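Asks: Starting from these lines, generate the structure:
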Amino acid sequence: PTGSAPAGRAPRRDSLGPVGLVLGGAVSVQFGGALAVSLMPRAGALGVVTLRLLVAALVLLVVCRPRVRGHSRADWGTVIVFGITMAAMNGLFYQSLARIPLGPAVTLEVLGPLALSVVTSRRAVNLVWAGLALGGVFLLSGGGFGDLDPVGVGFALAAGAMWAAYIVFSARTGRRFPQADGLALAMAVAAVLFLPLGAVESGTRLLDPTTLALGAAVAVLSSVLPYTLELLALRRLPASTFAILMSLEPALAATAGFLVLGQVLSPTETLAITLVIAASMGAVRTQAGRGKAAGVPVKPVKPVKKVGD
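Replies: Prediction:
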């Protein structure tokens, strides 16, 4: 029958669609991070985060034009916590970048999503993929972090914990708000919370035209594109699979470092990247296989309609 072929292909298409969104967001955020490193001497770590959040909030508010009225108290609570999580995640990560190199910082930060994948996974095979990714992450770090600034390490680990929380509240926000409305409101909350910190550290340096232009580019690459793509992906992708896919971040950071900063990968780093990619591919195949075994794609979670819709 003419309708049977599309039905048979639906699980693969619906499984890989959100994966592509996650990968696109990951590529964008790592190149944005490489650009942010070059901006930090001009604006400071807190200043860069402030520009990133402010510009991202303005762009999303203009594009999405989210409604302020008609939301329940639970909706606003979710958005506020999501905004606090984004502000904390960005602030802690850039504080780590001020003390340790980009590669180890991303490597330590990704341990948060990996831990989330183990906690939320309902299939034993996901523990294997998480373990393989974790091995690649530590191999990419050179086998240890003993020579790094312990304060920078602490900031990176705390950023990883906030990253795990971001995954959870991004999914909740996506279910409660249509499109990227919830993301726009949460980004505005994060920007308002961080503005005083950036103003105190950087002051009028934030108003320099070149700094503003670079900050806008960082905002688009590191916040607007990846957060929007991830929010859309989390409507159709389990948090455990999403978290394992986040293990690609160190590999993408190394690639961005090579292309933007001229950093050359060593054989050990190449092997580490291979392990991480293998783990991510395994997670994707597991998710796709689960849909095929059931005969239907994994159903997306529909966002809750606003009050009054």
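Asks: Look up how far Thr210 lies from the nearest residue to Tyr227 once chain neighbours are set aside.
Replies: Excluding its sequence neighbours, the residue lying closest to Tyr227 (CB to CB, 6 or more residues apart in numbering) is Leu183, at 5.7 Å. Every residue, glycine included, has its C-beta placed from N, CA and C. In this view, Leu183 and Thr210 are 28 Å apart by CB to CB, to the nearest Å.
Asks: What does Arg69 show for phi and psi?
Replies: Backbone dihedrals for Arg69, given as degrees, to the nearest 10, come out at phi -90, psi 160.
Asks: ok now the host helix or strand of the residue nearest to Tyr227, how far from the chain's centre?
Replies: Here Leu183 is covered by helix 181-202, with elements defined by DSSP states H and E. Computed by CA atoms, centre = their mean, to the nearest Å, the separation of helix 181-202 from the middle of its chain amounts to 17 Å.
Asks: I'd like to know which elements it is packed against.
Replies: For helix 181-202, the elements it packs on are helix 45-64, helix 73-97, helix 150-176, helix 225-233, judged by 3 or more CB pairs under 8 Å, 6 or more residues apart in numbering; DSSP states H and E.
Asks: Switch those over to JSON lines; also include mean neighbour count, distance to Leu35 and mean pLDDT.
Replies: Below are those laid out as JSON lines (neighbours: other CB atoms under 10 Å; distance: least, CB to CB, whole Å; pLDDT from 0 to 100):
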{"stretch": "helix 45-64", "mean neighbour count": "23", "distance to Leu35": "10", "mean pLDDT": "89"}
{"stretch": "helix 73-97", "mean neighbour count": "21", "distance to Leu35": "12", "mean pLDDT": "91"}
{"stretch": "helix 150-176", "mean neighbour count": "21", "distance to Leu35": "18", "mean pLDDT": "88"}
{"stretch": "helix 225-233", "mean neighbour count": "22", "distance to Leu35": "13", "mean pLDDT": "79"}
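Asks: Go through these and name the closest to Gly33.
Replies: Taking CB to CB as the criterion, Gly33 comes closest to helix 73-97 out of those, the separation being 8.0 Å.
Asks: And the next helix or strand past the closest one?
Replies: Following helix 73-97 toward the C-terminus (DSSP H and E): helix 102-109.
Asks: can you pull the buried residues of that next one?
Replies: Neighbour counts using 16 or more other CB atoms under 10 Å place 102-109 of helix 102-109 among the buried residues.
Asks: Show me what it is packed against.
Replies: When contacts are defined as 3+ CB pairs under 8 Å, 6+ apart, helix 102-109 packs onto helix 4-43, helix 73-97, helix 124-140, helix 150-176, helix 249-261.
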